[in-house]
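> turn this into a model:
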Amino acid sequence: MSVAGDHLMLQAKTAILEDQVRRFHAFQEEGKWREALQQFQATLHCATDVLQDSLKLLQHMAAKGERPSL
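Have a look, this model is predicted:
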């Protein structure tokens, strides 16, 4: 995949992560602790994916001599 394609995929996964965090907080506020724990685990998995994909993208860009735009 191209850097632009990787960037779009990373943006999509980041949006999913943000939704996972919102769900976790909602369960916490509602006192649904079992659901919050399950959501926390899902959120951690999603965050791991985002971080791993970010690292891969940065490594790919570094190998090509590109600089990330913020």
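> where does the protein have low pLDDT?
Applying pLDDT under 70 to the chain flags residues 1, 68-70.
> centroid-nearest residue for it?
With distances taken as Cα atoms, centre = their mean, the chain has V50 as the residue nearest its mean C-alpha position (3.3 Å).
> which residues does that one contact?
Applying Cβ atoms under 8 Å, 6 or more residues apart in numbering, one finds that V50 lies in contact with L10, K13, T14, L17. All C-beta atoms are positioned from the backbone trio N, CA, C, and that covers glycine.
> secondary structure element for the residue nearest to the second one when sequence neighbours are not counted?
Counting by Cβ to Cβ, 6 or more residues apart in numbering, V50 is the residue found nearest to K13 once chain neighbours are left out, at 5.1 Å. Using DSSP states H and E, V50 falls within helix 33-64.
> and if you look at G31?
Short version, using DSSP H and E: G31 is in no helix or strand.
> and it, backbone torsions?
The phi/psi pair for G31 (degrees, to the nearest 10) reads phi 70, psi 20.
> do A26 as well
phi -60, psi -50.
> what is the burial count for it?
By other Cβ atoms under 10 Å, 13 other residues sit near A26.
> relative to A36, how far out is it?
Distance, A26 to A36, by Cβ to Cβ, to the nearest Å: 9 Å.
> before we move on, what about V50?
20 Å.
> check contacts around Q11.
Listed by Cβ under 8 Å, 6+ apart, the contact set of Q11 is empty.
> ok, the residue in the chain sticking out farthest from the centre to A15 distance?
For the chain, the C-alpha farthest from the mean C-alpha position belongs to G31; by Cα atoms, centre = their mean, that distance is 25.1 Å. Separation of G31 from A15 (Cβ to Cβ) stands at 27 Å.
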